[in-house]
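K.L.:
what follows is a predicted protein model with its sequence.
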Amino acid sequence: MRFGCPPLPSGRDRQPMFKERKLSMSRPLRVAVVGAGPAGIYASDLLMKSDHDVQIDLFERMPAPFGLIRYGVAPDHPRIKGIVKSLHNVLDKEQLRLLGNIEIGKDITVDELREFYDAIIFSTGATGDQDLRVKGADLEGSWGAGEFVGFYDGNPDFARSWDLSAEKVAVIGVGNVALDVARILAKTGDELKVTEIPDNVYESLSQNKAREVHVFGRRGPAQAKFTPLELKELDHSPNIEVVVNPEDIDYDAASEQARRDSKSQDLVCQTLEQYAIRDPKGAPHKLFIHFFESPVEILGEDGKVVGLKTERTRLDGNGGVVGTGEFTTWDVQAVYRAVGYRSDAVRDVPFDDERAIIPNDGGRVIDPSTGSPVTSLYATGWIKRGPIGLIGNTKSDAKETTEMLLADYAAGSLPAPANPETDAIIELLDDRKIPYTTWDGWHLLDAAEREAGEREGRERKKIVEWNDMVRFARPEYEI
Ligand SMILES: Cc1cc2nc3c(=O)[nH]c(=O)nc-3n(C[C@H](O)[C@H](O)[C@H](O)COP(=O)(O)OP(=O)(O)OC[C@H]3O[C@@H](n4cnc5c(N)ncnc54)[C@H](O)[C@@H]3O)c2cc1C
């Protein structure tokens, strides 16, 4: 339990959280969905749209829902953040109950959940950084991109201030997260003040000294993992000059094939080619995108970053690269390692440590010791297939996973829970004095953030502190 709090009204005094429904069977199918990011919400939506009578409890570790839409998508991407509006329609449904501020595996165990639900879907996503095994990665000034994202997106689990004294910065990685980090570093604090960033984030960003941001990829433009829109958008800031060296535009036969196979990859290549040949617009902050430079070592002095050493690579004919033995030292004072996110295990649920996913077959959780499905457990989203892809991709995951679950239900292979009453879980939460948040609570927190934003002429200003979020969402708690 994270906070002391008075018990919630219990039994008769509490309003039923699900409205009465006419049941086609003796009782509804009860599903716990663990993780209120897009994957969990889309899976809930599909279950509720099925022919079955379904009740869903959507558990979320944070006091607020929406996962990486709230704590990953960059603040200067309001269109993407706006996806939450369409997710509201799902959370508004009477068959679904949001139970936030509850960590499954810690506040409630998976075995306990089994007592209340026919099935459990894990949609726990990812928050940590994947390791980059390069010498110097632990120097001061070398950060995982996810740590910086957690900071600027106001995630209470991350730092409240950030050292932005470096004038030249390296970002390792050529995916969209690398672009987000590079763009936020290359923009001015004032450019970002119009977004939802909280005051503590603005205070650090307004001190940002970065004038050169260098993004590094070990392979070429046809292997970059950017999406076209995000790459094009870099150029929209009047403060950012995107620079690509024409010598870094190179394709082998496999690269040409990759362009023919994917319209999106071809658009990425075309945009990079445009950046390489156009006249400079004269913007003050330079954002260089370098290809064929493989990071070899982050260089340090007195424990702090003073440079990055890379080895020039060249294409091997199959879309891979080989080292050329030609090394460059880049004068940078900070390095951000944007080489991917990593999921965490949930206690008592199988976990493939190497791939950092819950082992599964199309969404059915698999026991690695037997290779057989674990009864009643399912996975969807990034925890199912790894931290790759956009919000929209979690829809197809959810379809596959929910189809498996419903097929198992129809086949009678989901054992009935011991305690399927709707409010039994609420009694457990009350008994443990867990200060859970609800969908109504999200509306209160949302209103508070909007009000704080409107006072400054912006749409929203995020509330960062965990206790403050709970306080706004459940004003009756004393924290
Ligand atoms: C930095 C960054 C920027 C991105 N920008 C974009 C973008 O601009 N456009 C786009 O389309 N996509 C973007 N994405 C990708 C997008 O965020 C993901 O595709 C999507 O969020 C994955 O959804 P998910 O539900 O699987 O995981 P998540 O969004 O990570 O949601 C998982 C949820 O589970 C909760 N949880 C975890 N463990 C537990 C537990 N034990 N108990 C209870 N709850 C738990 C977490 O708190 C979280 O809320 C971005 C990703 C990152 C990292």
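P.N.:
The structure has been received and is ready for your questions.
K.L.:
which stretch of helix or strand covers the residue most central in space within the chain?
P.N.:
For the chain, residue 68 is the residue whose C-alpha lies nearest the centre (C-alpha atoms, centre = their mean; 3.2 Å). In this assignment (DSSP states H and E), residue 68 forms part of helix 67-71.
K.L.:
show me the contact partners of that helix.
P.N.:
With contact meaning C-beta atoms under 8 Å, 6 or more residues apart in numbering, helix 67-71 is reached by 35-40, 62, 64, 80-81, 83-84, 87, 125-127, 149-150, 153-155, 391. The way it works is simple: take the backbone N, C-alpha and C, and place the C-beta from them, glycine included.
K.L.:
so which of these reach the ligand?
P.N.:
Contacts with the ligand within the contacts of helix 67-71, counted by C-beta under 6 Å from any ligand atom: 35-40, 62, 80, 125-126, 149, 391.
K.L.:
buried set for the top helix by length along the chain?
P.N.:
As assigned by DSSP state H, the longest helix anywhere in the chain is helix 393-410. Neighbour-count burial for helix 393-410 flags 394-395, 397-398, 400-402, 404-406, 408-409 (criterion: 16 or more other C-beta atoms under 10 Å).
K.L.:
what does the stretch 301-450 of the chain put close to the ligand?
P.N.:
By C-beta under 6 Å from any ligand atom, the part of the stretch 301-450 of the chain that sits against the ligand consists of 341, 346, 381-382, 389-391, 394.
K.L.:
could you work out the most separated pair of the ones next to the ligand among the contacts of helix 67-71?
P.N.:
Spanning the widest gap among these are 40 and 149, at 20.1 Å by C-beta to C-beta.
K.L.:
all helices for the stretch 201-350 of the chain, in order.
P.N.:
Secondary structure of the stretch 201-350 of the chain (DSSP state H, counting those that start in this stretch): helices located at 228-233, 253-261, 263-277.
K.L.:
alpha carbons only: can I get the second one in PDB?
P.N.:
Going back to what we said before, that points to helix 253-261. The C-alpha coordinates for helix 253-261 follow below in PDB (Å, rounded to 0.1, in the frame of the first residue of the first chain):
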ATOM      1  CA  ALA A 253      20.600  -3.900 -53.400                       C
ATOM      2  CA  ALA A 254      18.900  -4.900 -50.100                       C
ATOM      3  CA  SER A 255      18.300  -1.300 -49.200                       C
ATOM      4  CA  GLU A 256      16.700  -0.600 -52.600                       C
ATOM      5  CA  GLN A 257      14.500  -3.700 -52.100                       C
ATOM      6  CA  ALA A 258      13.500  -2.400 -48.600                       C
ATOM      7  CA  ARG A 259      12.400   0.900 -50.300                       C
ATOM      8  CA  ARG A 260      10.300  -1.000 -52.900                       C
ATOM      9  CA  ASP A 261       8.800  -3.200 -50.200                       C
END
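K.L.:
which helices and strands sit right next to it?
P.N.:
Under the contact definition 3 or more C-beta pairs under 8 Å, 6 or more residues apart in numbering; DSSP states H and E, helix 253-261 sits against helix 263-277.
K.L.:
from the chain's centroid, how far away is the helix it packs on?
P.N.:
Centroid separation for helix 263-277 versus its chain: 26 Å, with C-alpha atoms, centre = their mean, to the nearest Å.
K.L.:
now that helix against helix 253-261, angle please.
P.N.:
Angle between the axes of helix 263-277 and helix 253-261 is 120 degrees (criterion: axes from the mean of the first three to the mean of the last three C-alpha atoms, to 10 degrees).
K.L.:
apart from its neighbours in sequence, what residue is nearest residue 77?
P.N.:
residue 180 (8.0 Å; C-beta to C-beta, 6 or more residues apart in numbering).
K.L.:
equivalent analysis for residue 343, please.
P.N.:
Of all residues not flanking residue 343 in the chain, residue 126 sits nearest, at 4.2 Å (C-beta to C-beta, 6+ apart).
K.L.:
what sits against that neighbour?
P.N.:
Contacts for residue 126 were tallied using C-beta under 8 Å, 6+ apart; they are 68, 341-344, 356, 382-383, 387.
K.L.:
go with 10 Å
P.N.:
37, 67-68, 72, 146, 340-344, 356-357, 381-383, 386-388 (C-beta atoms under 10 Å, 6 or more residues apart in numbering).
K.L.:
inside strands: which ones of these?
P.N.:
Judged by DSSP state E, strands contain the following of the contacts of residue 126: 341-342.
K.L.:
what number of residues lie near the residue in the stretch 101-250 of the chain that the ligand sits nearest to?
P.N.:
As assessed by C-beta to the nearest ligand atom, the ligand sits closest to residue 125 within the stretch 101-250 of the chain, at 2.0 Å. Neighbours of residue 125 under the rule other C-beta atoms under 10 Å: 26.
K.L.:
go on, the one 5 residues further on?
P.N.:
Each residue near residue 130 was counted by other C-beta under 10 Å, and the total is 19.
K.L.:
which one is it nearest to, not counting chain neighbours?
P.N.:
Once flanking residues are discounted, residue 130 sits nearest to residue 340: 4.1 Å by C-beta to C-beta, 6+ apart.
K.L.:
OK, contacts around that neighbour?
P.N.:
Residues in contact with residue 340 (C-beta under 10 Å, 6+ apart) are 126, 128-132, 144-146, 173, 175, 177-178, 225, 356, 386-388.
K.L.:
residues in contact with the closest residue to residue 96 other than its chain neighbours?
P.N.:
Once flanking residues are discounted, residue 96 sits nearest to residue 56: 4.7 Å by C-beta to C-beta, 6+ apart. Each residue near residue 56 by C-beta under 10 Å, 6+ apart is listed here: 18, 28-33, 40, 43-45, 47-48, 90, 93, 95-98, 117, 121.
K.L.:
how about residue 351?
P.N.:
343-345, 357-359, 368, 383.
K.L.:
make a markdown table out of those residues and add distance to residue 210 and pLDDT.
P.N.:
Below are the contacts of residue 351 laid out as a markdown table (distance: C-beta to C-beta, whole Å; pLDDT from 0 to 100):
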| residue | distance to residue 210 | pLDDT |
| --- | --- | --- |
| 343 | 30 | 96 |
| 344 | 31 | 96 |
| 345 | 36 | 97 |
| 357 | 34 | 97 |
| 358 | 38 | 98 |
| 359 | 41 | 98 |
| 368 | 44 | 95 |
| 383 | 34 | 98 |
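K.L.:
picking that back up, pLDDT on whatever helix or strand comes next after the longest helix of the chain, on average?
P.N.:
Next helix or strand after helix 393-410 toward the C-terminus (DSSP H and E): helix 424-431. For helix 424-431, mean pLDDT rounds to 97.
K.L.:
go on, stretch 65-72?
P.N.:
If you average the pLDDT over stretch 65-72, you get 98.
K.L.:
quick revisit: any chance of a ChimeraX selection covering the buried ones in the contacts of residue 126?
P.N.:
Applying 16+ other C-beta under 10 Å to these, the buried members can be selected in ChimeraX as follows:
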select :37,67,68,72,146,340,341,342,343,356,357,381,382,383,386,387
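K.L.:
what's the mean pLDDT across the top strand by length along the chain?
P.N.:
In the chain, taking DSSP E as the definition, the longest strand is strand 304-315. In this model, strand 304-315 has an average pLDDT of 98.
K.L.:
which helices and strands does that strand pack with?
P.N.:
Packing partners of strand 304-315 (3 or more C-beta pairs under 10 Å, 6 or more residues apart in numbering; DSSP states H and E): strand 142-144, strand 168-172, strand 212-216, helix 253-261, strand 293-301, strand 321-330, strand 334-337.
K.L.:
go with 8 Å
P.N.:
Packed against strand 304-315 by the contact rule (3+ C-beta pairs under 8 Å, 6+ apart) you find strand 212-216, strand 293-301, strand 321-330, strand 334-337.
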